[in-house]
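Show me the folded form of this:
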Amino acid sequence: MQTENYLIRKSSLEKLFNNLVGNGKTVYAPKAKGKLAFFENIESFGEVTEDYIVTTNSAKSVVFPRTEKVFSYHKTKEKTEITDAATSSFPDVVLWGTRPCDAAAFIPLTETFNGDYQDVIYNKRKVNVLVLSFSCSNCDEYCFCTSVNGGPGNTSGSDVLFTKLSTGDYLAEAITEKGKTLVADNQSLFEAASSEAKEPNLAKVTTYFNQDEIQAKLQSLFENPVWDEKSRACLGCGSCAFVCPVCSCFDIQDESHGQHGTRLRCWDSCGFGLFTLHTSGHNPRETQGARWRQRILHKFLYMPNKSKVAGCVGCGRCSRSCPADINILETVTSL
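Okay, the predicted model is just below:
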């Protein structure tokens, strides 16, 4: 699909935001909290911050909530009634201010939820989302998107990508039909694209490794003692998985109240000791080293082998959030 390029003035961005809110869209955007920024549901453009590398939390919770209802049930003497999640009531959501790495994460995440089984709940949420991303003009030492086939101006996963130009106005790339519809519905706010190039306005992100080479190297490292060495500091807290925009592990919990109850899907982590514990008491990943190995191999070997896309977008959130200061980039480059 061919991208259509436009210019939108800085002053028109607020009008676009207000139009979306006014049309009943639920808007999630970065909001400052101290020195950090978080994706939150907001209704005022004045709450949106531009001062962030990436938000502390990822955008995945919009399509894959931390906890969500799968179905509810009610038992009587005659029968058990099952009521599926009310997917028809899922709101139309706009993700405003996602970074290209966050937008790109929807590709492997959607692959995961559409493998052997097409996940109806995930897909309904995803189809209702409009992704309006903003290119990165700054990066930090944790960013490595260019090492996993991404980039500060990557358009993958976005419906529209905005890049701030030297004038303070924005190049708007309408990538998908959703994005082009947004432009058409707000055509008074968009102008013909300027001649200013996009690339000089993007952050310079260092490329630290080649994904294909790492993938090949990992083929022979399953029994290597490096995993025990790398995991010694790991607390098994799961923060890396919870902030990751690609991690999709979940547990199923049943909340029962007499004759009725609810089945819930809740985030989980392969770093938790109980994650692979069998009812028999056997645990195939008994040590933190085995669990750390699973995390790295899943992201950089298993997923690329299966779906041709890495399970990591190089956002660096896991390294920023780790209380033990474990850096995934240092781990991968030292293998």
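
Every contact and neighbour count from this point should use C-alpha atoms.
OK.

is it true that E47 touches K31?
Yes - the criterion here is C-alpha atoms under 8 Å, and E47 meets it with K31 at 5.9 Å.

Among those two, which residue is more densely surrounded?
K31 (23 against 13; other C-alpha atoms under 10 Å).

Which helix or strand contains the more buried one?
K31 is part of strand 26-33, with elements assigned from DSSP states H and E.

just checking, what packs against that strand?
Counting contacts by 3 or more C-alpha pairs under 8 Å, 6 or more residues apart in numbering; DSSP states H and E, strand 26-33 packs against strand 36-41, strand 93-98.

contact partners of that strand?
For strand 26-33, contacts defined as C-alpha atoms under 8 Å, 6 or more residues apart in numbering pick out 20-21, 37-43, 47-51, 55, 91-98.

which regions of the chain sit below the pLDDT cut-off?
For the chain, no stretch is flagged by pLDDT under 70.

Which parts of it are helices?
10-22, 100-112, 120-127, 177-185, 211-218, 226-231, 239-243, 288-297, 303-307, 317-321, 328-333 (DSSP state H).

what comes into contact with the second one?
Where contact means C-alpha under 8 Å, 6+ apart, the residues beyond helix 100-112 that reach it are 58-60, 123, 131, 133-136, 145, 150-158, 245-248, 307, 309-315.

So what angle separates the directions of it and helix 120-127?
Orientation of helix 100-112 against helix 120-127 (axes from the mean of the first three to the mean of the last three C-alpha atoms, to 10 degrees) gives an angle of 150 degrees.

what's the answer for the first one, then?
Interaxial angle of helix 10-22 relative to helix 120-127 (the same axes, to 10 degrees): 140 degrees.

Would you mark the buried spots in helix 10-22?
Buried positions in helix 10-22, judged by neighbour count with 16 or more other C-alpha atoms under 10 Å: 13, 16-17, 20-21.

Can I get those in TSV including distance to Q288?
Below are the buried residues of helix 10-22 laid out as TSV (distance: C-alpha to C-alpha, whole Å):
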residue	distance to Q288
L13	47
L16	48
F17	45
L20	46
V21	46
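
Among those, which one sits closest to T80?
For those, the residue nearest T80 by C-alpha to C-alpha is V21; the value is 40.9 Å.

on that earlier part again, single out the most deeply packed of the helices and strands packed on strand 26-33.
The highest average neighbour count among these, using mean count of other C-alpha atoms under 10 Å, belongs to strand 93-98 at a mean of 23.

Which one, of the helices and strands packed on strand 26-33, ends up nearest to L182?
Taking those one by one with C-alpha to C-alpha, strand 93-98 is closest: 11.0 Å.

wait, doesn't V243 sit right on C318?
Yes - counting by C-alpha under 8 Å, C318 is a contact partner of V243 at 6.4 Å.

end to end, how far does stretch 201-218 reach?
End-to-end span of stretch 201-218 (C-alpha to C-alpha, to the nearest Å): 35 Å.

And for A324, the neighbour number?
If we define neighbours as other C-alpha under 10 Å, then A324 has 13 of them.

ditto for the one 3 residues further on
As a burial measure, the neighbour count of N327 was computed by other C-alpha under 10 Å and equals 17.

Relative to C240, how far out is it?
10 Å.

list residues touching both of these two?
With C-alpha under 8 Å, 6+ apart as the test, N327 and C240 both reach 318-319.

And the contacts of stretch 235-255?
56-60, 102, 105-106, 108-109, 112, 261-273, 288, 311-313, 317-319, 321-322, 324.
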